[in-house]
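*Asks:* Compute the structure for the input listed below.
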Amino acid sequence: MATTPQDPAAAPRRKVSRHRGEGQWAVGHFTPLNGNEQFKKDDDGLNVRARIETIYSKRGFDSIDPNDLRGRMRWWGLYTQRKPGIDGGKTAILEPEELDDKYFMLRVRIDGGRLTTEQLRVIGEVSQEFARGTADLTDRQNVQYHWIRIEDVPEIWERLEAVGLSTTEACGDTPRVILGSPVAGIAEDEIIDGTPAIDAIHGRIIGNKDFSNLPRKFKSAISGSPLLDVAHEINDIAFVGVKHPEHGPGFDVWVGGGLSTNPKIGQRLGAWVPLDEVPDVYEGVISIFRDYGYRRLRTRARLKFLVADWGIEKFRQILEDDYLKRKLVDGPAPDQPVARWRDHVGVHRQKDGLFYVGFAPRVGRVDGATLTKIAELAAAHGSGRLRTTVEQKMIVLDVAQEQIDSLVQGLEALDLRVNPSPFRRGTMACTGIEYCKLAIVETKARGASLIDELERRIPEFEEPITININGCPNACARIQVADIGLKGQLVLDGEGNQVEGFQVHLGGALGLEAAFGRKVRGLKVTSDELPDYIERVLKRFQEERADGERFATWATRAGEESLT
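*Replies:* A predicted model of the protein is given here:
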């Protein structure tokens with residue numbers, strides 16, 4: 001495959017235009033146009049590991065170079081966390097060094113969400129020994145620690161890597177974790193198992209310096225499930241299982257999705273790709289991003305902006321002509337998913353006659369002791385295989401029918417619900433102001449208490465509902481595509497005091513009817529008012545909905561008086 005070398009000095013000579021443009025390497029713009037591009041040019045982020053192991057872990061936090069601290073260390077899953085006691089009003093005012101605590105968030109990447117009981121046990125042990133018990137499940141199938149000291153990082157890496165886990169490129173301007181269907185290879189209704197492609201991409205791309213200096217992060221997903229269970233619509237690249245009428249099972253390719261402050265739904269290339277060609281197409285797309293991606297403004301440095309500017313026809317042409325050197329086969333779009341929930345929670349039969357059991361913690365918040373106990377339960381009742389999901393849930397695989405009741409009882413004793421309420425099942429929250437330097441409001445505790453309140457107030461509510469809570473505008477919790485999306489900000493209460501609150505998005509959705517939620521003019525809700533507001537809106541939905549109508553459909557057509 002023809003690609004542009006990662007090292008600008010090794011690139012073919014091109015005529016450089018006089019203006020700086022968007023910093024695209026492929027048109028000759030190699031001069032760094034911002035601080036991030038400069039520190040990446042100065043030294044590859046992957047190289048910082050050696051300094052962490054030989055210098056920073058021995059000399060302590062104060063010895064860390066600022067460009068490593070707030071830049072390159074992300075290439076190994078490390079972010080400084082928020083200093084305690086700084087309120088949300090200071091988030092956009094203080095300098096980075098004023099927000100930084102001397103502790104880190106550390107993200108463990110779990111490609112395809114695949115874990116063994118041994119791996120989960122080690123994750124739990126690391127949490128208890130080095131992270132004050134913290135270990136959150138994310139909506140990208142990862143696990144995140146907090147309170148990590150730089151002195152402990154080398155030993156944490158040693159323990160994780162001894163069982164086949166890694167933090168390599170879990171953050172930074174890199175190819176992030178590859179999402180995969182958590183029931184790949186076992187689901188009765190699976191179209192195709194994408195696991196071999198995930199493994200091939202990981203081996204080819206992750207840790208490869210040809211792809212370790214991207215304009216910004218690169219998010220990807222591969223699933224052959226008819227449930228469309230990896231949020232493919234909002235990834236930079238996604239491969240979705242389909243059956244071609246002539247060629248059989250393969251993948252439909254989507255590019256250019258993403259949320260944050262300028263959300264875009266991914267677009268279909270219109271191409272069908274067989275399983276063994278998925279890694280080549282992935283490499284072609286990520287190479288286009290590396291070579292043509294915008295490097296001038298960080299706010300426009302995602303692939304979605306390039307796709308929007310080029311159009312999908314030009315993007316496919318460049319991919320085929322300049323990178324793959326061949327034409328792709330045209331193919332069908334995926335079918336509409338038949339199930340409303342895509343999280344695999346509950347008890348489900350596998351294609352081999354065994355069962356998998358999916359369960360829901362509260363907004364992804366678990367801890368090391370709980371993860372260790374989950375590992376013990378999975379070892380005792382299954383084959384030793386578990387999965388994380390993109391909905392902050394977890395699954396135990398390979399459970400015999402006679403073991404189901406005992407496993408469910410063990411999980412329920414840990415407050416992990418196999419048959420959760422719609423509120424427990426559908427509420428998601430980002431890290432929030434507790435640890436995140438970008439956050440404005442608290443999220444995890446707010447989400448947990450909201451679940452309890454709604455279960456108490458509307459116990460009869462049984463419709464699928466997603467309530468996504470984000471601590472800032474960056475949409476890590478996917479607020480724009482939730483039934484009820486809550487974007488954290490400071491608002492005025494009834495007495496004119498500035499307090500934590502949320503801007504409300506209503507009626508967002510993923511699936512083949514993917515859409516962003518609407519914002520009702522002037523609608524902002526304080527954190528304290530949140531249970532009252534959601535109760536009121538859900539009861540109006542119950543009263544006004546047509547037979548079988550989904551919340552998102554109702555919220556799109558409802559008058560503003562019903563939504564306030």
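*Asks:* in the stretch 401-550 of the chain, what spans have low per-residue confidence?
*Replies:* Residues of the stretch 401-550 of the chain meeting the criterion pLDDT under 70: 512.
*Asks:* where does the protein have low pLDDT?
*Replies:* In the chain (pLDDT under 70), the answer is 1-20, 512.
*Asks:* Phi and psi next, for Glu22.
*Replies:* When read as degrees, to the nearest 10, the backbone of Glu22 gives phi -100, psi 10.
*Asks:* got the contact list for the nearest residue to it once chain neighbours are set aside?
*Replies:* Closest residue in space to Glu22, ignoring its immediate chain neighbours: Tyr294 at 4.1 Å, by Cβ to Cβ, 6 or more residues apart in numbering. Yep, even glycine has a C-beta here, placed from its N, CA and C like the rest. Tyr294 is in contact with Glu22, Gly23, Gln24, Pro215, Arg300, Ala301, Phe305, Leu306, counting by Cβ atoms under 8 Å, 6 or more residues apart in numbering.
*Asks:* Turn those into TSV, columns for secondary structure, distance to Trp341 and neighbour count.
*Replies:* Output for these, formatted as TSV (DSSP: H, G, I helix; E, B strand; the rest coil; distance: Cβ to Cβ, whole Å; neighbours: other Cβ atoms under 10 Å):
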residue	secondary structure	distance to Trp341	neighbour count
Glu22	coil	41	20
Gly23	coil	42	21
Gln24	coil	41	18
Pro215	coil	35	29
Arg300	helix	35	19
Ala301	coil	34	23
Phe305	helix	32	21
Leu306	helix	34	24
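*Asks:* Distance to Leu414 added to the residues you listed, as JSON lines?
*Replies:* Formatted as JSON lines, the contacts of Tyr294 follow (distance: Cβ to Cβ, whole Å):
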{"residue": "Glu22", "distance to Leu414": "50"}
{"residue": "Gly23", "distance to Leu414": "49"}
{"residue": "Gln24", "distance to Leu414": "50"}
{"residue": "Pro215", "distance to Leu414": "42"}
{"residue": "Arg300", "distance to Leu414": "44"}
{"residue": "Ala301", "distance to Leu414": "41"}
{"residue": "Phe305", "distance to Leu414": "43"}
{"residue": "Leu306", "distance to Leu414": "45"}
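*Asks:* ok, so of those residues, who is nearest Ala546?
*Replies:* Using Cβ to Cβ, Phe305 comes nearest to Ala546 of the contacts of Tyr294, at 38.2 Å.
*Asks:* quick one: that closest one and Lys40, what's the gap?
*Replies:* 19 Å (Cβ to Cβ, to the nearest Å).
*Asks:* Leu319 now?
*Replies:* 24 Å.
*Asks:* do Asn208 as well
*Replies:* 15 Å.
*Asks:* So if I had to pick from the two, which one is more boxed in?
*Replies:* Each of Asn208 and Lys40 has its neighbours counted (other Cβ atoms under 10 Å); Lys40 has more, 22 against 14.
*Asks:* Okay, the more buried one and Leu160: tell me how far apart.
*Replies:* 25 Å.
*Asks:* try Arg387
*Replies:* Following Cβ to Cβ, the distance that separates Arg387 from Leu160 is 18 Å.
*Asks:* which one of the two has more residues nearby?
*Replies:* Per other Cβ under 10 Å, whichever of Arg387 and Leu160 has more neighbours is Arg387, with 24 against 20.
*Asks:* Double-check that that one belongs to a strand.
*Replies:* Yes: when classified by DSSP: H, G, I helix; E, B strand; the rest coil, Arg387 is found to be part of a strand.
*Asks:* For Ala187, see how far away it is.
*Replies:* If you go by Cβ to Cβ, the gap between Arg387 and Ala187 works out to 11 Å.
*Asks:* Name the residues contacting each of the two.
*Replies:* With Cβ under 8 Å, 6+ apart, Arg387 and Ala187 have no common neighbours.
*Asks:* Check the burial of Ser212 by counting its neighbours.
*Replies:* 23.
*Asks:* what secondary structure does it sit in?
*Replies:* Going by three-state DSSP: Ser212 is coil.
*Asks:* Angles on the backbone of it, please.
*Replies:* Backbone phi and psi, for Ser212 under degrees, to the nearest 10, turn out to be phi -100, psi 0.
*Asks:* most centrally placed residue in the chain?
*Replies:* Arg140 (3.2 Å; Cα atoms, centre = their mean).
*Asks:* Can you tell me the closest non-neighbouring residue to that one?
*Replies:* Nearest non-adjacent residue to Arg140 (Cβ to Cβ, 6+ apart): Val177, at 5.6 Å.
*Asks:* That neighbour belongs to a strand?
*Replies:* Yes: assessed with three-state DSSP, Val177 lies in a strand.
*Asks:* right, and it touches Val143 too?
*Replies:* No: Val177 is not in contact with Val143 according to Cβ atoms under 8 Å; the separation is 10.6 Å.
*Asks:* ok, now which ones touch the spatially closest residue to Arg385 that is not a sequence neighbour?
*Replies:* Closest residue in space to Arg385, ignoring its immediate chain neighbours: Leu397 at 4.3 Å, by Cβ to Cβ, 6+ apart. Leu397 makes contact with Val183, Ile186, Gln350, Leu354, Tyr356, Gly382, Ser383, Arg385, Leu386, Arg387, according to Cβ under 8 Å, 6+ apart.
*Asks:* so Leu397 sits in a strand?
*Replies:* Yes: under three-state DSSP, Leu397 sits within a strand.
*Asks:* Just give the closest residue to Asp352, not the sequence neighbours.
*Replies:* Ile186 (7.0 Å).
*Asks:* Could you give the number of residues near the one you found?
*Replies:* Ile186, neighbours per other Cβ under 10 Å, totals 22.
*Asks:* Give me the distance between the closest residue to Pro279 other than its chain neighbours and Asp276.
*Replies:* Distances taken as Cβ to Cβ, 6+ apart put Ala200 closest to Pro279, at 4.3 Å, once the chain neighbours are dropped. Look at Ala200 and Asp276: by Cβ to Cβ, they are 8 Å apart.
*Asks:* where do the contact lists of Val177 and Val143 overlap?
*Replies:* By Cβ under 8 Å, 6+ apart, the residues touching both Val177 and Val143 are Ile110.
*Asks:* what's around Lys209, how many residues?
*Replies:* Count around Lys209 with other Cβ under 10 Å applied: 12.
*Asks:* now swap in the one 5 residues further on and tell me
*Replies:* Other residues within reach of Leu214, judged by other Cβ under 10 Å, total 25.
*Asks:* So it sits against Arg176, correct?
*Replies:* No: if you go by Cβ under 8 Å, Leu214 and Arg176 don't touch, sitting 9.9 Å apart.
*Asks:* Next up, the contacts around Thr116.
*Replies:* Counted by Cβ under 8 Å, 6+ apart, Thr116 has contacts Val163, Gly164, Gly384, Arg385, Leu386.
*Asks:* just the buried members of these?
*Replies:* Gly384, Arg385, Leu386 (16 or more other Cβ atoms under 10 Å).
*Asks:* Sketch out the helices for the stretch 251-400 of the chain, chain order is fine.
*Replies:* 278-292, 303-310, 312-318, 368-381 (DSSP state H, counting those that start in this stretch).
*Asks:* Relative to Gly89, which of these is closest?
*Replies:* Of the helices of the stretch 251-400 of the chain, nearest to Gly89 by Cβ to Cβ is helix 303-310, at 30.5 Å.
*Asks:* so what secondary structure elements neighbour the closest one?
*Replies:* helix 278-292, helix 312-318 (3 or more Cβ pairs under 8 Å, 6 or more residues apart in numbering; DSSP states H and E).
*Asks:* Name the residues of that helix that come out as buried.
*Replies:* Leu303, Lys304, Phe305, Leu306, Val307, Ala308, Trp310.
*Asks:* any residues touching that helix, and which ones?
*Replies:* Contacts for helix 303-310 (Cβ under 8 Å, 6+ apart): 218, 236-237, 255-258, 262, 264, 266-267, 285, 288-289, 292-294, 315, 318.
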